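Asks: Here is the input, now give the coordinates:
(2 chains)
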Number of protein chains: 2
Amino acid sequence: MYVEGLGRHTCPSFHLLLLLISLQVGLHSVEGVWPLPQSYVPSPEQYRLNPQAFYFGYGKQSAAQSGCTVLDSAFKRYFSLVFPDFSSGYGALRFSVDKPFIVEVTVDHNDCEGYPNEDSSERYSLTVSAGLASLNADTVWGALRGLETFSQLVYQDDFGSYFVNKTDIEDFPRFQFRAILLDTSRHYLPVQTILKTLDAMAYNKFNVFHWHIVDDPSFPYQSRTFPDLSSKGAFHPMTHIYTQSDVRRVISHGRLRGIRILPEFDSPGHTKSWGKGQPDLLTPCYKGSAPSGAYGPVNPTLLSTYEFMAGLFKEVSSVFPDSYIHLGGDEVDFTCWRSNPDVRAFMQKMGFGADFTKLEAFYMENIVNITSSLNKTSIVWQDVFDYHERRSSLSVVEVWKQGCYLCEVLRVTKAGLKVILASPWYLDQPGPTHNWARYYTVFPLAFKGTEEQKKLVIGGEVCMWGEYVDATNLNPRLWPRASAAAERLWSDEKQTFDVNKAFPRLKDFRCKLLRRGIQAEPLFVGHCKHEYQGI
Amino acid sequence: MYVEGLGRHTCPSFHLLLLLISLQVGLHSVEGVWPLPQSYVPSPEQYRLNPQAFYFGYGKQSAAQSGCTVLDSAFKRYFSLVFPDFSSGYGALRFSVDKPFIVEVTVDHNDCEGYPNEDSSERYSLTVSAGLASLNADTVWGALRGLETFSQLVYQDDFGSYFVNKTDIEDFPRFQFRAILLDTSRHYLPVQTILKTLDAMAYNKFNVFHWHIVDDPSFPYQSRTFPDLSSKGAFHPMTHIYTQSDVRRVISHGRLRGIRILPEFDSPGHTKSWGKGQPDLLTPCYKGSAPSGAYGPVNPTLLSTYEFMAGLFKEVSSVFPDSYIHLGGDEVDFTCWRSNPDVRAFMQKMGFGADFTKLEAFYMENIVNITSSLNKTSIVWQDVFDYHERRSSLSVVEVWKQGCYLCEVLRVTKAGLKVILASPWYLDQPGPTHNWARYYTVFPLAFKGTEEQKKLVIGGEVCMWGEYVDATNLNPRLWPRASAAAERLWSDEKQTFDVNKAFPRLKDFRCKLLRRGIQAEPLFVGHCKHEYQGI
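Replies: Below is the predicted model:
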């Protein structure tokens, strides 16, 4: 006996509706692409695909040709995704030789050895006709998005045969910045878990992995310059760290999927673990006139602090190729600073009075200057914007606080700064009211700003904080709820505002994720043809 | 930046406290047994265990000797659990030959080929001294509990050596019935997933698997007598069913771990899927004077219904050896019955007036009589008790409704019936307020009843309904939250009421579960020596 008890579900009528829909729509009748392309014209004309006579290739006019690492490896990957039975060794003998089907990729720029960046076009067009799918894009990153779309167009009938329908697609992302944050400090995530998340991100057309790599509880990043940071600050100095080779693997895995790897080294708060391997970095807290033995945020009064930060960020800037870097700057507790006589003396000297937000702003400005001199664009959490007087030094602000987050978006864009919106996409906590529909019904531009201001909203981010999350529950907690955000960030809002229309499509996409080995949890009662088989 | 937003956590101060505790208590300093034994006297005296010189064996006085399937297979299983490195091929050469250590098991009854039942004693005593652990129990089921306890006493130092301390334990369960319900109708669960759950149940000393095997959405049980039930009522007639051999595997896996397999065939409601394979079983609903095409609960007016039920329960009674059977009886919607003229005529004939609860009681009484004649004790959901006038035919009532569930426990025990308590342990929905502490702070006997009444509370059950749960998210959703209920049901309440004392112990036990391959989610920030490596 099951009850939808009072308060356990906020929208019982919505769930009833979902149930009705799920009973009406057969499991295999909903074919489609998630997130929804900007223009998608399907047709009933059907082509049978023979894996023995199916090829990916480069168009004659393509700036990239065979040898292009990004596309060559994508062709191999997508062959297995398009023909899952075939790649697992099954079905190879079932198909006779047919007329070939070619997916021909043409890109305007040869960026095969580069990295995706904040200006990379992801636009593509895809025309599927008899024997040929033409995929055209400005860049290889756009071609990757088109390959993903193509792979989702292919379906199997009950006999195991593969089909694709005649289709015309013109597609591009609504927002340039579509990110997922993982927190590897509160719990360590094995590298494999991160790589798998990058795979799933590519299926969802996410393009930025925000790696919240260190924080108070642990410092798993193994620094070349400051090896003590992880040897003393990680949960375990050998098993719970990310070596330089691990980091390179993550960056390379992301690059091949058109995903930027954006590291965050959050300071001056959230740095307890840093203090274990770097003496004098943290502020000694005082009880009365003597140090209490406890430590607070980074000590902003010492020259050695900025020397250390310059060294660390110099290394980080060279390790991570992305032009963005996240500097954190959130949730600084002033209690310890206030208790420390040296800090108070410094405040007086600098003329900050008793306003510790000025000290924080001073510190952040120094860090921003360090990273600017390294040619990096810095992102900061909204706290830094809120406390900062000279906002001109800032460039990208991430809005994370709950409440009227669009009010903050309005303020930040009014100041001419770029915004990443995270507030509505905190997915770390699950629960009946924290379901996919909640993350789908988010409207990032529903604030009263000018067109110029709206253009400053460069995208959004799904945050998966690690207090209650590790490799045991990350995947089902992330997917398919993050997929809801993926469609909001990629697709046209006018075509995708309706949860009831989205439900059967997302249900179908979730089965596709399962088929690809992503442990995505169910939306509601039902089944997939291929269930998750892990135990 | 992370925020504990308003309403996201109900007990922030509690969490802060947990954090403080978790920082104080080192990861390897909390050794212990979960659930806590009734009497547990550890000592600092430490014995090194050498896997090359470690044996399980039978005491001379033991009624069971070599060849006892339950204990022989448990010895093999627990060797690997006690020495996880060794069993994975590592460490075999690291140990020189030492004095042997023997775990000597003595049981009073040879129930090696039987099944655990509602009267089985699970009492055991365990004395660990130099070279010898003496485990004494009335039954092999008690010996299994003792072996689990022994396995949890063994720990490794930083060099990989195994140790156990001198210890005296006297132990028995507080409640006889400690169950977990899985719902394989709303989503199909692969057999491997069920077997893994049985493994984890044994680690937690749960002893009943309540298999909610069929329901409205699907009928995966493949019946010998009525094969159409699954061939037409399952999500898929080949891939989404439990064959007779699957069921035998589950029963056997459970038996070897001292776990009863208790099937539920819930009627007259929750039977939509039954109707697909069994014509005329469900009540045709009417719209005005004509059938609407929809079907309601089982049709209680037809002789054929009872003939079918007698046939089905005859089969089920022979397939499942347990003497209990769950008949459901919950959430019957009277709308369809009321609309049907034949049902109304039957009501009149039987003198039920317009009181459909009488019709439901009439139906349930017939089903109870069928299973009684098959020598089965029936469990029903509380609805049946609530609507029944002649309660003497009932025997065990499962209390599931939210609200004042102890009020219901009081009523049921006053009527002299046995109670299984499920209300406070609905774990199917996760969320910040649905954490382990919520399931730990349940006090099943905190009602004003006589001692006799309290004895009628035979135990409790963790319910994992399947609306939002399948193999992708079952394990982290179940564990370690169900472990909280496990301790409440096994251990002495006076020793285990304090969540703050329980926290470091459960954190440690959760790491043990991980080490054994159970995908148990974290309680809070931190790490385990051996993290979950699945991806």
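
Asks: OK, now which residue of the stretch 401-535 of chain A is nearest to chain B?
Replies: A:Gly431 (2.8 Å; C-beta to the nearest C-beta). For the C-beta atoms, the positions are set from N, CA and C on the backbone; glycine is no exception.

Asks: so that residue touches B:Pro430, yeah?
Replies: Yes - look at A:Gly431 against B:Pro430 with C-beta atoms under 8 Å: they come within range, at 5.9 Å.

Asks: Let's see stretch A:365-376 as PDB, backbone CA atoms only.
Replies: Once non-C-alpha atoms are left out, stretch A:365-376 reads as follows in PDB (Å, rounded to 0.1, in the frame of the first residue of the first chain):
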ATOM      1  CA  GLU A 365      40.800  42.400  -6.200                       C
ATOM      2  CA  ASN A 366      44.400  41.300  -5.700                       C
ATOM      3  CA  ILE A 367      43.500  37.700  -6.700                       C
ATOM      4  CA  VAL A 368      41.600  38.900  -9.800                       C
ATOM      5  CA  ASN A 369      44.600  41.000 -10.700                       C
ATOM      6  CA  ILE A 370      46.900  38.000 -10.400                       C
ATOM      7  CA  THR A 371      44.700  35.900 -12.700                       C
ATOM      8  CA  SER A 372      44.200  38.800 -15.100                       C
ATOM      9  CA  SER A 373      47.900  39.100 -15.500                       C
ATOM     10  CA  LEU A 374      47.900  35.400 -16.400                       C
ATOM     11  CA  ASN A 375      45.300  36.300 -19.200                       C
ATOM     12  CA  LYS A 376      42.500  34.500 -17.400                       C
END
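
Asks: What's the mean pLDDT across that stretch?
Replies: Averaged across stretch A:365-376, pLDDT comes to 97.

Asks: Measure how far it is from the centre of its chain, please.
Replies: Mean-position distance between stretch A:365-376 and its chain equals 24 Å (C-alpha atoms, centre = their mean, to the nearest Å).

Asks: mind listing what's buried in it?
Replies: A:365, A:367-368, A:370-371, A:374, A:376 (16 or more other C-beta atoms under 10 Å in any protein chain shown).

Asks: anything in it near chain B?
Replies: No - using C-beta under 8 Å from any C-beta of the partner chain, stretch A:365-376 stays clear of chain B, with a minimum separation of 15.5 Å.

Asks: And for that stretch, what's in contact with it?
Replies: A:267, A:300, A:306, A:309-310, A:313-314, A:317, A:323-325, A:327, A:329, A:378, A:380, A:388, A:390, A:393-394 (C-beta atoms under 8 Å, 6 or more residues apart in numbering or on different chains).

Asks: among those residues, which ones are buried?
Replies: Applying 16+ other C-beta under 10 Å to the contacts of stretch A:365-376, the neighbour count classes A:267, A:300, A:306, A:309-310, A:313, A:317, A:323-325, A:327, A:329, A:378, A:380, A:388, A:394 as buried.

Asks: coming back round to it: number of residues surrounding the residue of the stretch 401-535 of chain A closest to chain B?
Replies: 17 (other C-beta atoms under 10 Å in any protein chain shown).

Asks: same deal with the one 5 residues further on?
Replies: Neighbour count for A:Trp436, taken as other C-beta under 10 Å: 24.

Asks: check contacts around the spatially closest residue to it that is not a sequence neighbour.
Replies: With sequence-adjacent residues excluded and distances taken as C-beta to C-beta, 6 or more residues apart in numbering or on different chains, A:Trp436 is closest to A:Ala484, at 4.2 Å. The contact partners of A:Ala484, by C-beta under 8 Å, 6+ apart, come to A:436-440, A:502, A:506.

Asks: secondary structure class for A:Ala484?
Replies: Assigned with DSSP: H, G, I helix; E, B strand; the rest coil, A:Ala484 falls in the helix class.

Asks: quick one: the helices in the stretch 351-500 of chain A?
Replies: With DSSP state H, counting those that start in this stretch applied, the stretch 351-500 of chain A shows helices at A:356-373, A:382-387, A:405-414, A:436-440, A:451-455, A:474-478, A:481-490, A:499-515, listed in chain order.

Asks: No more questions from me, cheers.
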